[in-house]
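S.K.: have a look; sequence and predicted model below, questions after that.
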Amino acid sequence: MDNNNNNYIVKELPVKYYLEHFQYLLSFLEKRYLHLLVKKEKRFIKNFRSLTEDAQCLYIRLVNRKSQFFKISGIKYDEIKNIRKSLKELSKNKFIQFIKDDEIYYLKEVLTIHNKVDLINIIKELKRYDNSLNKLTKEDLIREICRIIDLSKLLKSILEKNNIINILFKQEVKILQFIFFGNLEVNMSQFVIKDIGNAFFEEFDEASFSPIFQNRKEVNQKLQALDIYEEFKKLREELTIINLYEWFKNKEKDFKKTYSENVQQTYDKLFKKLGFKLEKEKLLDLALEVYSFCKSDLCRERIVRIYLRQKKKDLVIKLCDEILNNPQDQEEYIFAQDFKERVLKKSRKSTTTLLKKAETILISNSFENHVENGVLNFFEKHGHQGFFSENYLWNSLFGLIFWDILFEKVKHNPFQRAPSDLYINTFFINKQEEFNKRINEILDKDILFSIVERRYFEKYGIANSFVSWNNHLFEFVSKVIEKLAPLQLVIILKEMMKNLKSNTRGFPDLFIWDNENYFFIEVKSPNDKLSAQQLFWLEYFGKNNINAKVLRVKFT
């Protein structure tokens, strides 16, 4: 069977491709998310459509740039015929604002869009220059300029040489893109990636559409959570630990509210990072207080560690038992197992014990920077075949087997690599019947192989967060299907389902086989350590009669 998608053709984009993309986004939102938009956003869309094409293009060019302020002299786009005319139209329709010399509250932003050489020249022209200013960072230089020069005079001097504009509705555009993509990490570049042929996505149709957000409250809460998290990341570099804790306490009312799992995930991540920072400063009671806000299991390991430092042995054992009975992932399970044993002083760390017992082989030091290749070379010399497997093999197998179920009725935009609710606990609950049916089907090896083969050749190159496409993938997954019993594969896939964020990593590095046998190998160089996740999979493979082992390497 030939694969016709292997050779990607890079397409040339239309000159005003970005206008077409933005218009598509607006039409999509009006058609599917109109009930989520507030008056200001609807008015923005209506007014944007009333602009001339060049004015629309210029606005999109500017609003999608990081800065909110621009010098007119620096705005140049070949495809826009008359920049000044378009700027005038945008100003008239209140899409941009020309900064006036009495708007001192914009001074810091105005200074920031100048480079350091520009700033030094501004000081020289105002006769306040001395050589020591050259040694300052740009940020410190801006502070010093504002200290030594009259602010009104400073702004007036800057605007005499260059008109500066402020881009309006930037927040509205941010929200519109957020509703469309479902997060703030992905942006309009996804359109370009798709159009030039660097990525292919599952076909989008009306029947498959499923909204990310059910109501405006969800949108606002998620945006607020993301904004607070970004604020925290900035403040943790600037504030003392006590002041950072006080910032947290000032937002306590927000943190105590009940949120959807999607929103709560963002806050829980904040609580874990802040709590850990308090731990490092030995403020253990404050750390426990912060961790208590965490509504998921994300902070349990940290709480156990604090209990031990506080010599609360009974609480350590109790929480470890809770984790062992209901771990959030394999890494947490191994941690609780080891920590409980450590407190009871029954044994040493499991990862250390297994690594010490591992077999050792000698390979040439020419492989020192490519250890896995050296081990493959070792086994090939001894009559085996093999390939690098690790996480990509199992994730790809998962993605191919469950492809249709993963993408069924969970498409929220044309650039989706995975379901929007994939890491929410209800994902598998809502699709349990479909997954169970597929699991029963693939217990037949012929059906399993048929499903994987069909998906591989039908979907080759289409973006799927689980599948890492390459020309050898089908050969590799076929070999694993051949060597393992279907039930063994099913057992691994079901374990992955318990936590797709964590349980999709830590798999052994290599898959090795000959005519009679096979085994998965976790390769460890002399100074490498075994992670809890790696230990879990090695033990789990062993429990289910899947041949797996650790192999230590020494160089000759």
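M.R.: Cool, the structure landed.

S.K.: any chance you could map the strands in the stretch 351-500 of the chain?
M.R.: Here the stretch 351-500 of the chain has its strands, by DSSP state E, counting those that start in this stretch, at 359-363, 385-388.

S.K.: which one of those strands lies nearest to V375?
M.R.: Of all these, it is strand 359-363 that lies closest to V375, at 6.5 Å by C-beta to C-beta. Any C-beta I mention is one placed from the backbone N, CA and C, and that applies to glycine too.

S.K.: return the closest one as PDB; C-alpha atoms alone will do.
M.R.: Presented in PDB, the C-alpha positions along strand 359-363 are these (Å, rounded to 0.1, in the frame of the first residue of the first chain):
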ATOM      1  CA  GLU A 359      22.800  -6.100  33.800                       C
ATOM      2  CA  THR A 360      25.700  -4.100  32.400                       C
ATOM      3  CA  ILE A 361      27.100  -4.200  28.900                       C
ATOM      4  CA  LEU A 362      30.200  -2.600  27.300                       C
ATOM      5  CA  ILE A 363      29.900  -0.300  24.300                       C
END
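
S.K.: could you pull up the mean pLDDT of that strand?
M.R.: For strand 359-363, mean pLDDT rounds to 91.

S.K.: how about that strand: buried residues?
M.R.: Within strand 359-363, the residues scored as buried using 16 or more other C-beta atoms under 10 Å are I363.

S.K.: what about that strand, distance to the chain center?
M.R.: 37 Å (C-alpha atoms, centre = their mean, to the nearest Å).

S.K.: which residues touch it?
M.R.: Identification of contacts with strand 359-363 by C-beta atoms under 8 Å, 6 or more residues apart in numbering yields 371, 374-375, 377-378, 549-556.

S.K.: only the buried subset of the residues you listed, as a ChimeraX command please.
M.R.: Buried members of these, defined by 16+ other C-beta under 10 Å, are picked up in ChimeraX with:
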select :371,374,375,378,549,550,551,552,553
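
S.K.: before we move on, the earlier item: is it possible to get JSON lines of the strands of the stretch 351-500 of the chain that adds distance to H472?
M.R.: Below are the strands of the stretch 351-500 of the chain laid out as JSON lines (distance: least, C-beta to C-beta, whole Å):
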{"stretch": "strand 359-363", "distance to H472": "23"}
{"stretch": "strand 385-388", "distance to H472": "7"}
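
S.K.: of all these, which lies closest to L126?
M.R.: Of all the strands of the stretch 351-500 of the chain, strand 385-388 sits nearest to L126, with 62.2 Å by C-beta to C-beta.

S.K.: where do the helices of the stretch 251-400 of the chain begin and end?
M.R.: Counting by DSSP state H, counting those that start in this stretch, the stretch 251-400 of the chain has helices at residues 252-256, 261-280, 284-291, 300-309, 313-325, 330-344, 350-357, 371-381, 390-401.

S.K.: before we move on, back to that, Q265 is nearest to which of the strands of the stretch 351-500 of the chain?
M.R.: strand 385-388 (31.9 Å).

S.K.: in terms of secondary structure, what does that closest one contact?
M.R.: The helices and strands touching strand 385-388, judged by 3 or more C-beta pairs under 8 Å, 6 or more residues apart in numbering; DSSP states H and E, are helix 371-381, strand 510-513.

S.K.: same thing but at 10 Å, please
M.R.: Applying 3 or more C-beta pairs under 10 Å, 6 or more residues apart in numbering; DSSP states H and E, one finds that strand 385-388 makes contact with helix 371-381, helix 473-483, strand 510-513, strand 518-524.

S.K.: ok, N395 - how many residues close by?
M.R.: For N395, the count of nearby residues is 20 (other C-beta atoms under 10 Å).

S.K.: my understanding was that E246 contacts L274; is that so?
M.R.: No - the criterion here is C-beta atoms under 10 Å, and E246 misses it with L274 at 11.7 Å.

S.K.: for N515, which residues are in contact?
M.R.: 383-385 (C-beta atoms under 10 Å, 6 or more residues apart in numbering).

S.K.: mark which of these are buried, thanks.
M.R.: Buried residues within the contacts of N515, counting neighbours by 16+ other C-beta under 10 Å: H384.

S.K.: quickly name whichever of the contacts of N515 is closest to Q337.
M.R.: Among the contacts of N515, H384 lies closest to Q337 (C-beta to C-beta), at 33.1 Å.

S.K.: could you dump the helices and strands packed on strand 385-388 into CSV with distance to T112 and mean pLDDT added?
M.R.: Shown next, in CSV, are the helices and strands packed on strand 385-388 (distance: least, C-beta to C-beta, whole Å; pLDDT from 0 to 100):
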stretch, distance to T112, mean pLDDT
helix 371-381, 47, 93
helix 473-483, 47, 96
strand 510-513, 51, 96
strand 518-524, 49, 95
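
S.K.: who wins for proximity to K282 among these?
M.R.: strand 518-524 (33.9 Å).

S.K.: beyond the closest one, next helix or strand please.
M.R.: Next along the chain after strand 518-524, taking DSSP states H and E as the criterion, comes helix 532-543.

S.K.: for V490, which residues are in contact?
M.R.: 401, 438-440, 442-443, 448, 484, 544.

S.K.: so which of the helices and strands packed on strand 385-388 gets nearest E30?
M.R.: Among the helices and strands packed on strand 385-388, helix 473-483 comes nearest to E30, with 39.8 Å by C-beta to C-beta.

S.K.: now do that closest one: everything it contacts.
M.R.: Contact with helix 473-483 is made by 1, 3, 385-389, 392-394, 396-397, 400-401, 442, 445, 448-449, 452-453, 455-457, 460, 467, 470, 488-489, 511, 513, 517-520, 546-547, as judged by C-beta under 10 Å, 6+ apart.

S.K.: which among these count as buried?
M.R.: Using 16+ other C-beta under 10 Å as the burial test, the contacts of helix 473-483 include 386-389, 392-394, 396-397, 400-401, 442, 448-449, 452-453, 455-456, 460, 467, 489, 511, 513, 518-520, 546 as buried.

S.K.: pLDDT value on R552, please?
M.R.: R552 is assigned 92 on the pLDDT scale.

S.K.: nearest residue to it in space, please, no chain neighbours.
M.R.: Using C-beta to C-beta, 6 or more residues apart in numbering and skipping residues adjacent in sequence, the residue nearest R552 is T360, 4.4 Å away.

S.K.: I figured F511 hits V375, correct?
M.R.: No - F511 sits out of contact with V375 when judged by C-beta under 10 Å, with a separation of 11.6 Å.

S.K.: how close does T240 get to E281?
M.R.: Counting by C-beta to C-beta, to the nearest Å, the gap from T240 to E281 is 9 Å.

S.K.: the more surrounded of the two?
M.R.: Counted by other C-beta under 10 Å, T240 and E281 do not tie: E281 has more neighbours, with 14 against 9.

S.K.: need the contact list for that one.
M.R.: 240-242, 244-245, 287.

S.K.: ok so, going back, which residues do F511 and V375 both contact?
M.R.: Jointly contacting F511 and V375 under the rule C-beta under 10 Å, 6+ apart are 386, 388, 521.

S.K.: nearest to L87 among those?
M.R.: Using C-beta to C-beta, F388 is the member of those that lies nearest L87, at 54.5 Å.

S.K.: E246 and L274: which is more packed in?
M.R.: Between E246 and L274, counting by other C-beta under 10 Å, L274 is the more crowded of the two (23 against 11).
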